[in-house]
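Novice: could you look at this predicted model? Sequence included:
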Amino acid sequence: KQWYQRRVRGAMLNTAVQIRDGAICYSTGRNVADADQELVHRFFSSVGLTLEGEEKHLDAVVGLSGSAPAYFYLILEALSDAGVRHGLSRDVSTRHASQAMLGAARMVLESGRHPGELKDEVCSPGGVTINAIYSMEKAGVRAAMMDAVDACIKRNYELARLNE
């Protein structure tokens with residue numbers, strides 16, 4: 001077996017590794033030496049945020065961060081379309097939406113605070129943002145996102161069974 005087959009039981013990374021800003025989760029074997037563990041972690045860390053997890057959780061990681069770039073592209077496209085609908089150019093609309101998403105993600109990662117807490121700071125009582133959040137909740141955005149992750153995990157499990 002190759003070195004990585006002995007040391008790594010499984011790994012999931014997303015397409016953002018192409019720009020060295022991916023999300024990676026890996027699982028190592030039970031008897032992996034500390035030096036090998038460090039090597040694997042350094043290898044994956046070179047292309048993004050790297051967390052070690054249990055092999056049994058890798059399906060969940062596929063649905064969560066592995067496929068998440070596609071979810072976010074869909075959200076960014078919808079936000080960009082909304083900006084265009086209200087008179088902004090496609091470029092300006094896409095850049096503003098992308099930067100807002102990037103900034104929000106950085107706020108969560110760098111502050112260590114819960115996304116709901118940060119959301120609440122943006123929502124002033126009776127304000128425009130809380131009205132937008134209400135509209136999103138009424139439309140089922142939260143449930144749709146959770147359902148998307150569930151559908152991805154289910155399909156990943158089905159595909160794994162086909163390949164056994």
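Specialist: Arrived safely.

Novice: quick one: mean pLDDT over the strand or helix carrying Ala105.
Specialist: Under the criterion of DSSP states H and E, Ala105 resides in helix 90-111. For helix 90-111, mean pLDDT is 98.

Novice: please name the nearest non-neighbouring residue to the spatially most central residue of the chain.
Specialist: Nearest to the mean C-alpha position of the chain, counting by C-alpha atoms, centre = their mean, stands Ser65 at 3.5 Å. Among residues not flanking Ser65 along the chain, Ala23 sits closest, at 3.9 Å (C-beta to C-beta, 6 or more residues apart in numbering). In short, each C-beta sits where N, CA and C put it, glycine included.

Novice: one step back: what sits against the residue nearest to the centre of the chain?
Specialist: Ser65 makes contact with Met12, Asn14, Ala23, Cys25, according to C-beta atoms under 8 Å, 6 or more residues apart in numbering.

Novice: farthest pair in those?
Specialist: Across those, the longest distance by C-beta to C-beta is 9.8 Å; it joins Asn14 and Cys25.

Novice: what secondary structure does the residue lying closest to Leu58 once chain neighbours are set aside sit in?
Specialist: Nearest non-adjacent residue to Leu58, counting by C-beta to C-beta, 6+ apart: Gly10, 4.8 Å away. In three-state terms, and counting by DSSP: H, G, I helix; E, B strand; the rest coil, Gly10 is strand.

Novice: wouldn't Gly10 be in contact with Gly29 here?
Specialist: No - in this structure Gly10 lies outside contact range of Gly29 using C-beta atoms under 8 Å: 10.2 Å.

Novice: helix or strand for Cys25, which one?
Specialist: Assigned by DSSP H and E, Cys25 belongs to strand 22-28.
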